[in-house]
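Enquirer: model this:
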Amino acid sequence: MRPVRFVALGDSLTEGVGDPVGDGWRGWAALLAEGLAPADAPAEFTNLAVSGAQTRDVLERQTPAALALRPDVVSVVIGVNDTLRCTFDIHAVAARLDEVYAAFRAQGAVLLTACLPDPGTMLRLPGALARPLARRQRAVNTVVHALSERYGALHLHAADGAWIADRAMWSADRLHPGESGHRQLALRFHALLAGAGLAAGTAPCAEPGSPPPGRSAGLWWLATAGTGWVARRCTDLLPQLLTLAAAEVRHRAGGTSARLDLSASHAVASALAALSVAERPDPA
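Expert: Numbering: from 1, shown residues only. Got it, this is the predicted structure:
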């Protein structure tokens, strides 16, 4: 029998950013791959995730490459970068994820998905700036929840919990897990697979091999790589985010903040309803 094939799709989180090994990244998916099969018959692991990827990249570039590999297990963890773009559209996100999930389930692959914390909270942005990003991430998470249930995915609830507030779990940039965080994700995915009788290997070790980054590491990241990240967001998202923040302040002052949440909920419901309508057979 051929080895178990595991293919990972997504962005920098799945690429392994925050968990450096040698000159590259390792990350939760590589750690999970080691526990999918016995040591004498290791799984074949391919990581197609690319830093900065959005749902469009997963659909148009990563999915065709992954389907050609005919994976037994495939992870699709994506969506945060969509929320950080001025082009964010929950209808488009839902349609793309629906197409991706359907393609892998049609091949018979076991599908792994996850909901994620919002970047505004992780970056500790001021409330008026953080709330619009949180609303967007909740919308993405709601879509992922619904589609994961529709396609029978093994879904990891990673959007909240004690690990979010545990500084030791995160890398210097506070956007990506550190080694401990990646190990926790791998452990939790392994538990889901083992519970379904789909993981024959040993669970990943929870103990990191390196200490978590300190405050100085965070300042160094901001002074180096962080400046470029902030600059890119300033030219793309920031103008729109300031408009959204002004709306937050205005509604908060008028006591009508609930309208913003209601509008976001309606958009998600509309996006999911559109998928349902598209799947209905033509009466003719």
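Enquirer: what packs against whichever strand or helix holds Ala194?
Expert: Using DSSP states H and E, the element containing Ala194 is helix 179-195. Applying 3 or more C-beta pairs under 8 Å, 6 or more residues apart in numbering; DSSP states H and E, we find helix 179-195 packed against helix 27-33, strand 110-115, strand 154-157. Placement of C-beta: from N, CA and C, glycine included.
Enquirer: Let me know which of these is the nearest to Ser171.
Expert: helix 27-33 (11.0 Å; C-beta to C-beta).
Enquirer: check contacts around the nearest residue to Pro208 once chain neighbours are set aside.
Expert: Distances taken as C-beta to C-beta, 6 or more residues apart in numbering put Glu179 closest to Pro208, at 4.2 Å, once the chain neighbours are dropped. Neighbouring residues of Glu179 by C-beta atoms under 8 Å, 6 or more residues apart in numbering: Gly18, Asp19, Pro208, Gly209, Ser210, Pro212.
Enquirer: for Leu175, same thing?
Expert: Taking C-beta under 8 Å, 6+ apart as the test, what Leu175 contacts is Pro119, Met122, Leu123.
Enquirer: Tell me the one of the contacts of Glu179 nearest Leu272?
Expert: Gly18 (31.7 Å).
Enquirer: and the closest one, helix, strand or coil?
Expert: coil (DSSP: H, G, I helix; E, B strand; the rest coil).
Enquirer: Now list the buried members of the contacts of Leu175.
Expert: Pro119, Met122 (16 or more other C-beta atoms under 10 Å).
Enquirer: Please produce a markdown table containing the helices and strands packed on helix 179-195, extended by distance to Thr142.
Expert: Shown next, in a markdown table, are the helices and strands packed on helix 179-195 (distance: least, C-beta to C-beta, whole Å):
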| stretch | distance to Thr142 |
| --- | --- |
| helix 27-33 | 23 |
| strand 110-115 | 8 |
| strand 154-157 | 12 |
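Enquirer: and among these, the most buried is which?
Expert: Among those, the stretch with the highest mean neighbour count (mean count of other C-beta atoms under 10 Å) is helix 27-33, at a mean of 27.
Enquirer: How about residues contacting that one?
Expert: 6, 8, 13-19, 42-43, 45, 47, 49, 75, 177, 182-183, 185-186, 189-190, 204.
Enquirer: so how far is it off the chain centroid?
Expert: 14 Å (C-alpha atoms, centre = their mean, to the nearest Å).
Enquirer: Partner strands of the following helix or strand past that helix, with direction?
Expert: Sequence-wise, the next helix or strand downstream of helix 27-33 (DSSP H and E) is strand 44-47. Partner strands for strand 44-47, per DSSP bridges, with pairing direction: strand 5-10 (parallel).
Enquirer: Dump the strand it pairs with to CSV, restricted to CA.
Expert: C-alpha atoms of strand 5-10 as CSV (Å, rounded to 0.1, in the frame of the first residue of the first chain):
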residue,chain,number,x,y,z
ARG,A,5,-0.5,11.6,1.3
PHE,A,6,-1.0,14.8,3.2
VAL,A,7,-1.2,18.1,1.4
ALA,A,8,-1.4,21.5,3.2
LEU,A,9,-2.9,24.6,1.6
GLY,A,10,-3.1,28.1,2.9
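Enquirer: Show me what the mean pLDDT comes to for that strand.
Expert: Strand 5-10 shows an average pLDDT of 98 in the prediction.
Enquirer: next structured bit after that strand?
Expert: Later in the chain than strand 5-10, the nearest helix or strand by DSSP H and E is helix 12-15.
Enquirer: Output the contacting helices and strands for that following helix.
Expert: Helix 12-15 packs on helix 27-33, strand 73-77, going by 3+ C-beta pairs under 8 Å, 6+ apart.
Enquirer: tally of neighbours for Ala128?
Expert: 17 (other C-beta atoms under 10 Å).
Enquirer: again with Ala153
Expert: For Ala153, using other C-beta under 10 Å, the count is 23.
Enquirer: That one reaches Leu112, doesn't it?
Expert: Yes. Using C-beta atoms under 8 Å, Ala153 is in contact with Leu112, at 6.6 Å.
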